[in-house]
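K.L.:
Next come a sequence and a model predicted from it.
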Amino acid sequence: MNESEKKIDAKLIFSIIAAGIMSFSGVVVETAMNVTFPTLMEEFGIGTSTVQWITTGYLLILAMIIPASSYLKKRFTLKKLFVTAICLFLIGTIMAAVTPVFSLLPLGRLIQGVGTGIALPLMFNIVLEQVPAKKLGLMMGIASLITAMAPAVGPSVGGMLVSNFGWRMIFISLIPLLLLSFFLGVFSIRQVTETEKISFQWLDYFFLAAGFACFIFATSTASDAGWISVQVLGLLAASIICIVIFCLRCKKSETPLIDIRVFRCVPFSLSVLVLVFIQFICLGLGFLIPNYAQLVLGEEAFLAGCLLLPGCIIGAVLSPISGRMLDRFGAKKPILSGNFCIILATVCFSIFALKLNIGSFILFYIFFAFGQGFSVGNTMTNGLKQLPPELNPDGNAVINTLQQLAGAIGTSIITTIVAASQAKLPDDMAAATAQGTQYSFYLLAVLAVVVICCSLGVFALSGKKKQA
C-alpha cells in the first residue's frame with residue numbers, strides 16, 4: 001500500500017477497534033485475575049506459586065504465539081487471522097467460566113492466550129500498514145490507549161465481580177464484548193497486501209518456544225527449589241542453548257521465522273529493552289499492589305482492584321496525547337519525561353514499602369501510569385521508525401513477543417520473591433508479604449533506572465545516525 005493511498009476512514013477505525021477489543025479483553029482478564037489470587041487460593045486449597053500460573057502460563061503462551069505473527073501476516077489474510085483468534089478466545093473464556101476444578105482454569109487461560117497472541121500484533125500491524133506516516137504517532141497512541149485502559153478496568157471490575165458475584169463472572173462478562181468485536185471485525189477488516197505461500201519453520205519455532213518455556217519454568221521453580229538449584233540452573237542453561245540455536249538457524253535461513261537483522265539496529269534494540277523493562281515493572285506492580293492491599297492491609301478485593309484505577313485512566317488518556325506530541329515535536333521529550341516519572345514512582349514505592357496505605361498506593365501509581373502513558377506507545381513508534389519498512393512486521397513481532405515474555409517473567413520473579421518471604425514467616429502472612437513486596441520494589445526501582453539509561457542511548461545513537 002503506497003503512502004499516497006493510505007487514509008484514515010471508518011473501516012480503518014473499526015478494524016483497529018475490533019482487534020483492540022480482543023487485545024483489551026486479554027489484558028483485562030489477565031489483570032482481573034491478579035485480584036482473585038487470594039480467593040482462588042482459599043477455594044482450591046493452593047499456594048501462591050501454583051495460582052500464579054493463571055497469569056504466567058497465559059503470558060508464556062502469548063510469548064510463544066506472537067513470534068509467528070510475522071509469518072501469519074504474510075501467509076493468511078487479516079480477516080482469517082482475526083476470526084481464528086476470537087473463536088479461540090471465546091472457547092477459552094467459556095471453559096474457564098464453567099470449570100469445576102482448578103486444573104482446567106489454566107487450560108482455558110492458555111487457549112485464551114493463543115487467541116490474544118494472534119490478535120495483539122494484528123492490531124499494530126493494521127496501524128503500521130494502513131495509517132499515513134504523519135498520523136502514525138496519534139494512531140499508535142490510540143491503539144495503545146485501547147490496551148492501556150485494560151489494566152484500569154481489570155483489577156477494579158475484577159474486584160467488584162469477585163466480591164459480589166464470584167470470580168467466574170469475570171469470564172462471563174467478556175462474552176458480549178467479544179461478540180461485538182467479532183461483528184465489527186468481520187465487517188471492517190480489509191486486506192491491502194498480497195498473501196504469500198511460504199513455509200513455516202517448525203524446527204525454528206520449536207527451539208524458540210522451548211527456550212521461552214524453559215526460562216519461565218526456571219523462574220517459577222526457583223520459588224521452591226532456589227535459584228542455584230540443579231533444576232533451575234539446568235532449565236536456564238537449556239533456555240540459553242535453545243535461543244542460541246534459534247538465532248543461528250534464523251541467521252542462515254532465507255525465510256526466517258523472525259528476521260533477526262532487526263537487532264543490528266542498536267536504537268531499535270535499546271527501545272525494545274525499554275519496553276521489556278516497563279512491562280516487567282507494570283506486571284510486577286499489577287501483582288504486588290492488589291495482593292498487598294488484601295493480605296497486608298486487610299482490604300476487600302474490590303477496593304484492592306480499584307487502587308490501580310485512577311492511575312490507569314490517566315495513563316490511558318495520555319497515550320493518544322503523547323502520540324500527538326511525538327508527531328509534532330519528536331520522541332525525546334515525551335519519552336524521557338515519562339521514564340523520569342516511572343523512576344520517581346518506583347523509588348517512592350521502595351522508600352515507603354513498609355508504610356504504604358490506600359492513599360500512597362493511588363498517588364505513586366498515578367506517577368507510574370503517567371510515565372507509562374508518555375513512554376510506551378512513543379517508544380514503540382520511535383523504535384519501529386528506526387527500521388526499514390520491510391522489517392516492521394518482524395520488529396512488531398519482536399516487541400510484542402518480548403513484552404509478553406517480560407510480563408510472564410516479571411510476574412513469576414515477583415511471585416517468587418513474595419512466596420520466599422511468606423515461606424520464611426508462615427505464621428505471619430501480613431508481615432511476610434510486606435517484606436517480600438519491599439524486596440520486589442527495590443528490584444523494580446533498579447529496572448526503572450535501566451529504562452531511562454536505555455532511552456538516553458536511543459537518542460544519542462539516533463542523533464549520530466542523522467549527522468552521518
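P.N.:
All right, it came through fine. Because the structure is a prediction, the values reported are computed rather than measured. Numbers count the residues shown, from 1 in each chain.

K.L.:
Please count neighbours and contacts with C-alpha atoms only from this point.
P.N.:
Fine.

K.L.:
before we move on, what SS does residue 94 have?
P.N.:
Using DSSP: H, G, I helix; E, B strand; the rest coil, the secondary structure recorded for residue 94 is helix.

K.L.:
Next, find the distance separating residue 342 from residue 363.
P.N.:
Computed as Cα to Cα, to the nearest Å, the residue 342 to residue 363 distance reads 12 Å.

K.L.:
Between the two, tell me which one has more neighbours.
P.N.:
Shown here are residue 342 and residue 363; by other Cα atoms under 10 Å, residue 342 has more neighbours (32 against 16).

K.L.:
Would you mind listing the buried residues in whichever helix or strand the more buried one is part of?
P.N.:
With elements taken from DSSP states H and E, the one containing residue 342 is helix 332-351. Residues of helix 332-351 classed as buried under the neighbour-count rule (16 or more other Cα atoms under 10 Å) are 332, 334-350.

K.L.:
same check, this time on stretch 45-59
P.N.:
Quick answer for stretch 45-59 (16+ other Cα under 10 Å): 48-49, 51-59.

K.L.:
the strands in the stretch 1-150 of the chain, which residues?
P.N.:
In the stretch 1-150 of the chain, no segments count as strands under DSSP state E, counting those that start in this stretch.

K.L.:
Okay, helices next: where are they in it?
P.N.:
10-44, 48-51, 53-65, 69-75, 78-98, 104-130, 136-148, 150-164 (DSSP state H, counting those that start in this stretch).

K.L.:
Those helices into JSON lines, with extra columns for mean pLDDT?
P.N.:
What follows is the helices of the stretch 1-150 of the chain, written out as JSON lines (pLDDT from 0 to 100):
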{"stretch": "helix 10-44", "mean pLDDT": "80"}
{"stretch": "helix 48-51", "mean pLDDT": "72"}
{"stretch": "helix 53-65", "mean pLDDT": "76"}
{"stretch": "helix 69-75", "mean pLDDT": "79"}
{"stretch": "helix 78-98", "mean pLDDT": "90"}
{"stretch": "helix 104-130", "mean pLDDT": "84"}
{"stretch": "helix 136-148", "mean pLDDT": "69"}
{"stretch": "helix 150-164", "mean pLDDT": "70"}
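
K.L.:
could you redo those helices as a markdown table and give each row distance to residue 302?
P.N.:
Shown next, in a markdown table, are these (distance: least, Cα to Cα, whole Å):
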| stretch | distance to residue 302 |
| --- | --- |
| helix 10-44 | 8 |
| helix 48-51 | 19 |
| helix 53-65 | 19 |
| helix 69-75 | 36 |
| helix 78-98 | 19 |
| helix 104-130 | 21 |
| helix 136-148 | 20 |
| helix 150-164 | 4 |
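
K.L.:
Residue 419: what secondary structure?
P.N.:
Here residue 419 is helix, with the state taken from three-state DSSP.

K.L.:
packing partners for the helix holding residue 342?
P.N.:
helix 309-329, helix 358-385, helix 429-467 (3 or more Cα pairs under 8 Å, 6 or more residues apart in numbering; DSSP states H and E).

K.L.:
of all those helices, which lies closest to residue 119?
P.N.:
Nearest to residue 119, of all those, is helix 358-385, at 17.3 Å by Cα to Cα.
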